[in-house]
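Trainee: missing the sequence, but the structure's below:
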């Protein structure tokens, strides 16, 4: 009881202290960032392009809470589960921040008994990872997902996802890319053919997943030393994961002595064959590559897996660093919804996630290099006064413009200087200024100034909104 | 140590269990909800209207993390601080979910040494409140804020905020509304004039804030019984808080025997006079009301405060229930940024928050009542096949449409029935179908069908995208 009293007292004290100016370092939480208006402009223009493609493919959008019951996330992310943010138990449910948008989608589908949906979802997700903010890797970051759920004929939704990725990356103007393709069943079949014990499939798969970052020698070492695989198996895996190609590689592997006798390998290869055919029809043959080293870490994939990587420029490629990073990824996950359904009812799903944070980082550094100035505000007309005493008239005309749907601004000073007002327009790249002066007002007109050319014309106050709109549309605003 | 071992074992066990199908009740966390595609369509159309108004007034947008260092939020929300969601301490910083978008804005301004900004921010905020989901009150909900920060002449940004609220509520078509106006300095002056002890100002202010929900008798009881105010003071307050009106009430109070001798009351009244004048110029005289019962609970307000309420229909008003709920609120907070600045440097701010969740709830029930069917997808053309064996041709034409920027969809079945495909178009309100058939394909054409009228015309495959686009724009799509 005494302790409780003391705690109460302490709480009171800290409440009082808190009203004084800050003593702690002012920052955002580790691995997070603010976006300023310029960054937001860039981001929104990227997201609008992405959404345009999603809509072109008929996707709806949904939204889910930023946190879920912890139980919803448990057991879905394998070794990465330790990166989940938990909320404090404040005497209610045990909650965790969403780790991706895929598990919440599966929970949504199961909970609402949805049998089919094509949806996009753009929202933030949370991972207590080691942030590398210069590379665009954050603890709070946007995911931008497109998924097709429903029971359909093989590879049709899967191929559309690849097409969507291709359309998006082409529209973003971030350079050449390739979408690597592989199949979880082929990986499993390959592990089986290489005599990996069944209970090691997932962990060996995680090791293979690191091949885009570390050498085969390191991955092999991890397999043997950390994961207890025997060297012979590892070497066999090593031969396969170095292979990549197109339809001819599928044919070759279908005739591979070891693989052709493993059922899941053959299933995976048949799927790949169909997928490559559809990609061909979709005109993206040169943008995809069947790559046996692609594994993807997440536990829930069951079929096709994708990863799109940018191909840097010629110079980088010669140095042997072929790719400069993943910008999209995804795959098929047919069993995830069933994990949430009380009767285990499955809804097969396939989807892709666009790595928009990486895209933002690339475009930001491009803009910085070319010194592109982004205009974040859309103001069309600035209402200025040529001399003192015009404030009320200025407010009256400003209000007319707003009511007429014109994007307009003024100075928040009662009597601003004309020069200051016009300089503001130039700095802010506002195209037009309406300049009020007593002598013009007496004649029932105001000056309409083109800020860039400094040319002025007279507009009648009686018909001001229409006259301005006519001018704006005439000059392409 | 033994305990640690046991805990580890337990963790392992629960990890294994988690891979089996769910046993817990599938739900979203208390007070949160999913938005399905129809709800999202409605929501996005509301938000787009709101953003249009924000942009008309020249606002940029920024984004901040969904959580902040707990210290950032501490001491900003008075009695409501208990509603803050905390994150679990997982061996890093102590974090809390944002409670509003105002404190993060102030943190952003101080941290980035911003001297002026006009920004809007639409994002989710979190409060561990008692949810009342039928009334649109959630624990996770969207806020939609517009704020003007910077040192400007009196009441100019303040009046613009009221204008913004008026434009938004008018554009949303949710019925008549009034924006109640009051001033923190006037409230403080009023408390002083009523002999409230200075250290009780904030808590008495919180009590006044409840007047829109409970009767004066209850509020008076709270002031006396819970907050220890003497009855005489309470009665004096009761006389003032029943007053509301326009410019004439300001004049009356400027001559009030008790108030005219209290400095802060006079300051508040002078501000109100100017604000009402500007509202008059902005053409919104009939949409605002000076109301002394308006208090607003948050600690950080220092000047003008606003609250917009819907006025229900005639019938409701006759029953004495004048208002059916708050749909926007805000005010001036000149000292908040200084709380974050190491040198206490102030940046005066004023802003308003649109209660979009309430708006969603109102429009959803309106739509439900009128049985309005919202179309969530924007597909323009469905690519169908008249008979079997056309799958590859279908994919080829579909791909052409996508590459040409046409929003198009097809069946994910290899050989779907024509009737099923056309029914889908009707259900989904897709305006046009492209129907492939062998005999037409041989002639180099496809049928283009108006789904509603069922009229068909022939389009040349060679020039398909252009022909479809011409038809779409011709028919207003």
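Mentor: Thanks, I have it. Bear in mind the structure is a predicted one, so any value in this text is a computation, not a measurement. Residues are numbered from 1 along each chain as shown, chains lettered A, B, ... in the order given.
Trainee: now for residue A:115: which residues touch it?
Mentor: Residue A:115 sits next to A:150, A:151, A:347 when contact means C-beta atoms under 8 Å, 6 or more residues apart in numbering or on different chains. The C-beta positions use only the backbone N, C-alpha and C, and glycine is treated the same way.
Trainee: if we go to 7 Å?
Mentor: Applying C-beta atoms under 7 Å, 6 or more residues apart in numbering or on different chains to residue A:115 gives the contacts A:150, A:347.
Trainee: quick one: average pLDDT of the helix or strand where residue A:357 lies?
Mentor: Assessed by DSSP states H and E, residue A:357 sits inside helix A:356-370. Mean pLDDT, computed over helix A:356-370, is 88.
Trainee: ok, then the element right after that helix?
Mentor: Using DSSP H and E, the helix or strand that follows helix A:356-370 in sequence is strand A:381-385.
Trainee: quick one: the next helix or strand after that following strand near chain B?
Mentor: Later in the chain than strand A:381-385, the nearest helix or strand by DSSP H and E is helix A:391-403. Yes - with C-beta under 7 Å from any C-beta of the partner chain as the criterion, chain B is reached by helix A:391-403 at A:392, A:395, A:396, A:399, A:402.
Trainee: if we can go back for a sec, pull out the buried residues from the helix holding residue A:357.
Mentor: For helix A:356-370, burial by neighbour count (16 or more other C-beta atoms under 10 Å in any protein chain shown) applies to A:356, A:357, A:358, A:359, A:360, A:361, A:362, A:363, A:364.
Trainee: contacts for it, please.
Mentor: When contacts are defined by C-beta under 7 Å, 6+ apart, helix A:356-370 is touched by residues A:39, A:42-43, A:46-47, A:50, A:136, A:138, A:141-142, A:144, A:172, A:174, A:325, A:327, A:374.
Trainee: kindly report the same for stretch A:194-206.
Mentor: Residues outside stretch A:194-206 that contact it (C-beta under 7 Å, 6+ apart) are A:78-79, A:187-188, A:191, A:223, A:227, A:229, A:233, A:236-237, A:295, A:297, A:299.
Trainee: isn't residue A:28 up against residue A:131?
Mentor: No - the pair residue A:28 / residue A:131 is not scored as a contact, 11.2 Å apart, by C-beta atoms under 7 Å.
Trainee: with neighbour numbers in mind, choose between those two.
Mentor: Neighbours were counted for residue A:28 and for residue A:131 using other C-beta atoms under 10 Å in any protein chain shown; residue A:28 has more, 20 against 17.
Trainee: per-residue pLDDT of that one, please?
Mentor: Confidence at residue A:28, expressed as pLDDT, is 96.
Trainee: and the stretch 151-300 of chain A, which residues reach chain B?
Mentor: Within the stretch 151-300 of chain A, the residues that sit near chain B (C-beta under 7 Å from any C-beta) are A:152, A:153, A:156, A:157, A:163, A:167, A:278, A:281, A:282, A:283.
Trainee: filter the residues you listed down to the ones in helices?
Mentor: The helices, defined by DSSP state H, take in A:156, A:157, A:163, A:167, A:278, A:281 from these.
Trainee: ok, the first one - contacts?
Mentor: Contacts here follow C-beta under 7 Å, 6+ apart; on that basis residue A:156 touches residue B:412.
Trainee: 8 Å instead?
Mentor: Shown in contact with residue A:156 (C-beta under 8 Å, 6+ apart): A:278, B:412, B:413, B:414.
Trainee: the first one reaches residue A:154, doesn't it?
Mentor: Meaning residue A:278. No - using C-beta atoms under 8 Å, residue A:278 is not in contact with residue A:154; the gap is 9.8 Å.
Trainee: of these two, who's got more company?
Mentor: Legend: neighbour count by other C-beta under 10 Å for residue A:278 and residue A:154, higher for residue A:278 (21 against 16).
Trainee: related to what we said a few turns ago, can you flag the buried ones in the residues of the stretch 151-300 of chain A next to chain B?
Mentor: Buried residues within those, counting neighbours by 16+ other C-beta under 10 Å: A:152, A:156, A:157, A:163, A:167, A:278, A:281, A:282.
Trainee: buried ones in stretch A:200-216?
Mentor: Judged by neighbour count using 16+ other C-beta under 10 Å, the buried positions of stretch A:200-216 are A:200, A:201, A:203, A:204, A:205, A:206, A:207, A:208, A:209, A:211, A:212.
Trainee: now do the phi/psi pair for the residue of the stretch 301-450 of chain A found nearest chain B.
Mentor: Closest contact between the stretch 301-450 of chain A and chain B, by C-beta to the nearest C-beta, is at residue A:412 (3.4 Å). Backbone torsions of residue A:412, given as degrees, to the nearest 10, read phi -90, psi 20.
Trainee: in terms of pLDDT, where does it sit?
Mentor: In this model, residue A:412 is scored at 95, pLDDT.
Trainee: just to revisit the earlier point, the contacts of helix A:356-370 in helices, which ones?
Mentor: Mapping the contacts of helix A:356-370 onto helices (DSSP H) picks out A:39, A:42, A:43, A:46, A:47, A:50, A:172.
Trainee: reformat those as TSV; add neighbour count.
Mentor: As requested, the ones in helices among the contacts of helix A:356-370 are exported to TSV (neighbours: other C-beta atoms under 10 Å in any protein chain shown):
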residue	neighbour count
A:39	17
A:42	20
A:43	20
A:46	22
A:47	17
A:50	22
A:172	20
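Trainee: what is the nearest of the residues you listed to residue A:120?
Mentor: Distance to residue A:120, by C-beta to C-beta, is smallest for residue A:50 among these, at 8.2 Å.
Trainee: for the residue in the stretch 151-300 of chain A that chain B sits nearest to, phi and psi?
Mentor: As assessed by C-beta to the nearest C-beta, chain B sits closest to residue A:152 within the stretch 151-300 of chain A, at 3.4 Å. Here is the backbone geometry of residue A:152 (degrees, to the nearest 10): phi -130, psi 180.
Trainee: can you tell me the closest non-neighbouring residue to residue A:411?
Mentor: Closest residue to residue A:411 apart from its sequence neighbours, by C-beta to C-beta, 6 or more residues apart in numbering or on different chains: residue A:421 at 5.7 Å.
Trainee: where in the stretch 301-450 of chain A is pLDDT low?
Mentor: Scanning the stretch 301-450 of chain A with the threshold set as pLDDT under 70 gives A:313-324.
Trainee: enumerate the residues of it near chain B.
Mentor: Residues of the stretch 301-450 of chain A found near chain B (C-beta under 8 Å from any C-beta of the partner chain) are A:338-342, A:344, A:376-379, A:392, A:395-396, A:399, A:402-403, A:405-409, A:412-414.
Trainee: and the gap between the residue nearest to the residue of the stretch 151-300 of chain A closest to chain B when sequence neighbours are not counted and residue A:238?
Mentor: Excluding the flanking residues, the one nearest residue A:152 by C-beta to C-beta, 6+ apart is residue B:412, at 3.4 Å. Per C-beta to C-beta, to the nearest Å, residue B:412 is found 37 Å from residue A:238.
Trainee: now swap in residue A:302 and tell me
Mentor: Between residue A:302 and residue A:238 the computed distance is 25 Å (C-beta to C-beta).
Trainee: tell me the one among the buried residues of helix A:356-370 nearest to residue B:98.
Mentor: Ranked by distance to residue B:98 (C-beta to C-beta), the buried residues of helix A:356-370 are led by residue A:357 at 20.1 Å.
Trainee: how near is that closest one to residue B:369?
Mentor: 42 Å.
Trainee: same check, this time on residue A:309
Mentor: As defined by C-beta to C-beta, residue A:309 lies at a distance of 51 Å from residue B:369.
Trainee: a markdown table please, covering the ones in helices among the residues of the stretch 151-300 of chain A next to chain B and showing pLDDT.
Mentor: Below are these laid out as a markdown table (pLDDT from 0 to 100):
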| residue | pLDDT |
| --- | --- |
| A:156 | 97 |
| A:157 | 97 |
| A:163 | 98 |
| A:167 | 97 |
| A:278 | 97 |
| A:281 | 97 |
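Trainee: farthest-apart pair in those residues, please.
Mentor: Comparing every pair within those by C-beta to C-beta identifies A:156 and A:167 as the most remote, at 16.6 Å.
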